[in-house]
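K.L.:
Give the three-dimensional model of this entry:
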Amino acid sequence: MAKIKKQSKQKYPNLKSLRRFYSEYKFKIVGFILLTAVASSLALSFPYVSSKIILNLTEKKWDTMVIFAVVLFGLIALENVAGHFSDVYYTKTTNGLFFSFRKSLAYKIIDLRLSSVYDKGSGFYLERLNEDSKEASVVFLDISKAIVTLIVNLAFIFYISVLNWVLGLIFLAGLAVIIFLEYLRVSKLLFNKKQSKRAVEKVKALESELLKGIKEVKGLNAKDAIVEKHSQVSKGHIDIKIRRERYEKRMQRIIDITKGALDLTLLLVAGLFLLKSFGIWHVEILAVLVIYQYKGSIYELVAGLAKIKNHYVNGELAAKRLNDVLKAAAEETDMFGTETLEGNVESIEFKKVVFSYNEKTPVLKDISFKVQKNSLVGFVGKSGSGKSTIFSLLTNFYKISGGQILINDVDFYSLSEKAVRETITPVLQDPYIFNDTILNNVKFAKFDATNEDVFDACRAARLHDEILSMKEGYDTVVGESGANLSGGQKQRLEISRVILKGPEVVLFDEATSALDKDNLLQINALMKELKKNKTVFVIAHRLGIMRECDTVFVLDGGKIIASGKHEDLMQTCEYYKELFKRNKSNEEQANRNV
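P.N.:
Residues are numbered from 1 along each chain as shown. Here you go, the predicted structure:
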């Protein structure tokens, strides 16, 4: 019977999976390793040469002393030159890797499904974009440096043993104890670090929400509540940090005591050897001087040796956290095919589409409709009826649970990302405005657009004149999330982006909710104008635009309960009629209040 070979578990698999990022920097990495070896080797000679200077000085051999002094100066200069270029390679490589990790993560995060992003929270991704990317970018070079330094310094320990095997044995025994203590310290701290990272994620997520929701905090007078919540989350992190630092300081004191005991032992034994009565184990003063000058560097080596494990485990932890995103499961990422759209969008069809966010409660139930090109189509219903969910499915923010979506009779999920994103664009109710100029914010939709193209798009969105009235015009910086713009201006800026991009299908998702009456009428007129060469879907808080729609779909409880033109629905659908009358009454009341 054939023996089944047991597959060994790969050590540090996540760290090894990042090797593909290093290929671009392989020559710099080789240069760094070679220069580090040269610098460490040169530094190894310093104690011997400086000891020769001291001995020649005590023996008044001035000429020889000067020669050794010149040699020492030259060695120091060469070591610094090698160290400088080693640092240059280190800086360029680690920062380049940091950039590459962040860029890959950014692409992957954008490809993730919204449900995955929302479930994990901003703190999860911010930690991986920043701290974990930073740690993963330095780990390989830090390990390489530690290993090179270790090899060079082992040669020095061998040299000590040759000078006097007893001193060498004592030195090695003491180092073994210190290494063991360093190993214990690092192992405990690594476990603590995993806890600390999880705690930091929670703190950063809350702080991100605090900054984004600062208007609500102020407006609701919730300062005390949010600060208390922040204190509770921060306390968990601080408690872990205190335990970590107390343990680290306690272990460091034990290590320092051990080093002191080793120093004393070496001093006493060397002193005995220097006495004539111990001539059988006679040791030269040179050996004692060399050991005492170099022991500090050896102690640093020991700390570095223990930290090789630290580097590996830290790197593996950081790499795993990066791979949590880079290797996200297929069901966590947006699903696209490879097909392109042939010609223009002629039709969009939903066939018995079912969707639920949590796999328990369906939000959409057997939704079926077909829309032809150059149509203005409205969706009406109470909050939670599924209107915005239909738009989210059309933009592939979420994937259907059942049924089929077709564009030109082609399965929606067989289309490439480019085909979907360039063809269908939403105009969101609460658009994100970047902390940049108005010009650059509009150009975000089409980076190669000319300034005149931007001006035309803003004119169409009824925003151009207001921009020109601002002191800096199109160069006005709007602040984070468009803080310096009104709600209506932000919505019209978003409309300008979509007009500039020029997709064939435009989805207006409550995009006119913050507009005043005059601007609302102008944007409604724009929607009618757009349908001449586009297919326009609209969800509106104010239902006046429904009069202009070619078809209106009425939703209730995740189902389409009626469809048709506004005039027909007012006659045949009591639910729609009631919604429209109530909306009209609310608008009239609002106008009277104004």
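
K.L.:
Could you pull out the helices in the stretch 401-550 of the chain for me?
P.N.:
417-423, 438-443, 451-460, 464-469, 487-501, 517-530 (DSSP state H, counting those that start in this stretch).

K.L.:
For residue 550, which of the ones you listed is the nearest?
P.N.:
Put simply, out of those the one that sits nearest residue 550 is helix 517-530, at 10.4 Å, with distance taken as C-beta to C-beta. Yep, even glycine has a C-beta here, placed from its N, CA and C like the rest.

K.L.:
Who are the packing partners of the closest one?
P.N.:
Counting contacts by 3 or more C-beta pairs under 8 Å, 6 or more residues apart in numbering; DSSP states H and E, helix 517-530 is packed against helix 487-501, strand 535-539.

K.L.:
What is the subsequent helix or strand relative to the strand or helix carrying residue 55?
P.N.:
With elements taken from DSSP states H and E, the one containing residue 55 is helix 26-58. Where DSSP H and E defines the elements, the next helix or strand beyond helix 26-58 is helix 62-111.

K.L.:
just checking, what packs against that following helix?
P.N.:
Contact here means 3+ C-beta pairs under 8 Å, 6+ apart; on that basis helix 62-111 packs against helix 26-58, helix 133-163, helix 285-326.

K.L.:
So residue 18 sits against residue 321, correct?
P.N.:
No: counting by C-beta atoms under 8 Å, residue 321 is not a contact partner of residue 18; they are 11.5 Å apart.

K.L.:
Tell me which residue is most central in the protein.
P.N.:
Centrality entry for the chain: nearest residue to the mean C-alpha point is residue 129, 2.2 Å, by C-alpha atoms, centre = their mean.

K.L.:
Does it belong to a helix, a strand or coil?
P.N.:
Reducing the assignment to helix, strand or coil with DSSP: H, G, I helix; E, B strand; the rest coil, the entry for residue 129 is helix.

K.L.:
the bottom helix or strand of the protein by mean pLDDT?
P.N.:
Least confident helix or strand of the chain, by mean pLDDT, DSSP states H and E, is helix 214-219 with a mean of 62.

K.L.:
on that earlier part again, relative to helix 62-111, how tilted is the helix holding residue 55?
P.N.:
Note on geometry: by axes from the mean of the first three to the mean of the last three C-alpha atoms, to 10 degrees, helix 26-58 and helix 62-111 are set 150 degrees apart in direction.

K.L.:
For helix 26-58, list every residue counted as buried.
P.N.:
Taking 16 or more other C-beta atoms under 10 Å as the neighbour-count basis, helix 26-58 is seen to contain the buried residues 28-29, 31-33, 35-44, 46-53, 55-56.

K.L.:
likewise stretch 473-482?
P.N.:
Using 16+ other C-beta under 10 Å as the burial criterion, the residues of stretch 473-482 that qualify are 474, 476, 478, 481, 482.

K.L.:
any idea which of these is the one closest to residue 375?
P.N.:
Looking at these and their distance to residue 375, the nearest is residue 482, at 31.3 Å (C-beta to C-beta).

K.L.:
give me the number of residues near the closest residue to that closest one other than its chain neighbours?
P.N.:
The spatially closest residue to residue 482, leaving aside those adjacent along the chain, is residue 433, at 3.0 Å (C-beta to C-beta, 6 or more residues apart in numbering). Using other C-beta atoms under 10 Å as the criterion, residue 433 is surrounded by 22 other residues.

K.L.:
Check residue 171 too.
P.N.:
The criterion is other C-beta under 10 Å. On that basis, residue 171 has 21 neighbouring residues.

K.L.:
ditto for the one 10 residues further on
P.N.:
Number of residues near residue 181 (other C-beta under 10 Å) recorded here: 19.

K.L.:
so it sits right up against residue 251, yeah?
P.N.:
Yes: under the criterion of C-beta under 8 Å, residue 181 makes contact with residue 251 at 6.6 Å.

K.L.:
Tell me how many other residues crowd residue 470.
P.N.:
Neighbourhood size, residue 470 [other C-beta under 10 Å]: 15.

K.L.:
From what I see, it and residue 476 are in contact.
P.N.:
Yes: using C-beta under 8 Å, residue 470 makes contact with residue 476 at a distance of 4.7 Å.

K.L.:
Can you work out which residues contact both of these two?
P.N.:
residue 438 (C-beta atoms under 8 Å, 6 or more residues apart in numbering).

K.L.:
Burial-wise, tell me which of the helices and strands packed on helix 517-530 comes out on top.
P.N.:
Using mean count of other C-beta atoms under 10 Å, the stretch among these with the largest mean neighbour count is strand 535-539, at a mean of 25.

K.L.:
Direction included, what does it pair up with?
P.N.:
strand 376-381 (parallel), strand 505-509 (parallel) (DSSP bridges).

K.L.:
between the very next helix or strand once past the first one and strand 535-539, how big is the angle?
P.N.:
Pointing back at strand 376-381 there. For strand 376-381, the succeeding helix or strand toward the C-terminus, using DSSP H and E, is helix 387-394. Here helix 387-394 runs at 140 degrees with respect to strand 535-539, directions being taken by the same axes, to 10 degrees.

K.L.:
Just the C-alpha atoms of helix 387-394, please, in PDB.
P.N.:
As requested, the backbone C-alpha atoms of helix 387-394 are provided in PDB (Å, rounded to 0.1, in the frame of the first residue of the first chain):
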ATOM      1  CA  LYS A 387     -36.800  51.900  -5.700                       C
ATOM      2  CA  SER A 388     -33.100  52.700  -4.900                       C
ATOM      3  CA  THR A 389     -32.300  49.000  -4.700                       C
ATOM      4  CA  ILE A 390     -33.200  48.700  -8.400                       C
ATOM      5  CA  PHE A 391     -30.700  51.500  -9.200                       C
ATOM      6  CA  SER A 392     -28.100  49.800  -7.000                       C
ATOM      7  CA  LEU A 393     -28.500  46.600  -9.000                       C
ATOM      8  CA  LEU A 394     -28.300  48.400 -12.300                       C
END
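
K.L.:
name the helices or strands packed onto it?
P.N.:
Counting contacts by 3+ C-beta pairs under 8 Å, 6+ apart, helix 387-394 packs against strand 347-356, strand 362-372, strand 376-381, strand 505-509, strand 535-539.

K.L.:
could you dump these to JSON lines with distance to residue 423 and mean pLDDT?
P.N.:
Converted to JSON lines, the helices and strands packed on helix 387-394 look like this (distance: least, C-beta to C-beta, whole Å; pLDDT from 0 to 100):
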{"stretch": "strand 347-356", "distance to residue 423": "10", "mean pLDDT": "94"}
{"stretch": "strand 362-372", "distance to residue 423": "14", "mean pLDDT": "93"}
{"stretch": "strand 376-381", "distance to residue 423": "16", "mean pLDDT": "92"}
{"stretch": "strand 505-509", "distance to residue 423": "6", "mean pLDDT": "90"}
{"stretch": "strand 535-539", "distance to residue 423": "10", "mean pLDDT": "92"}
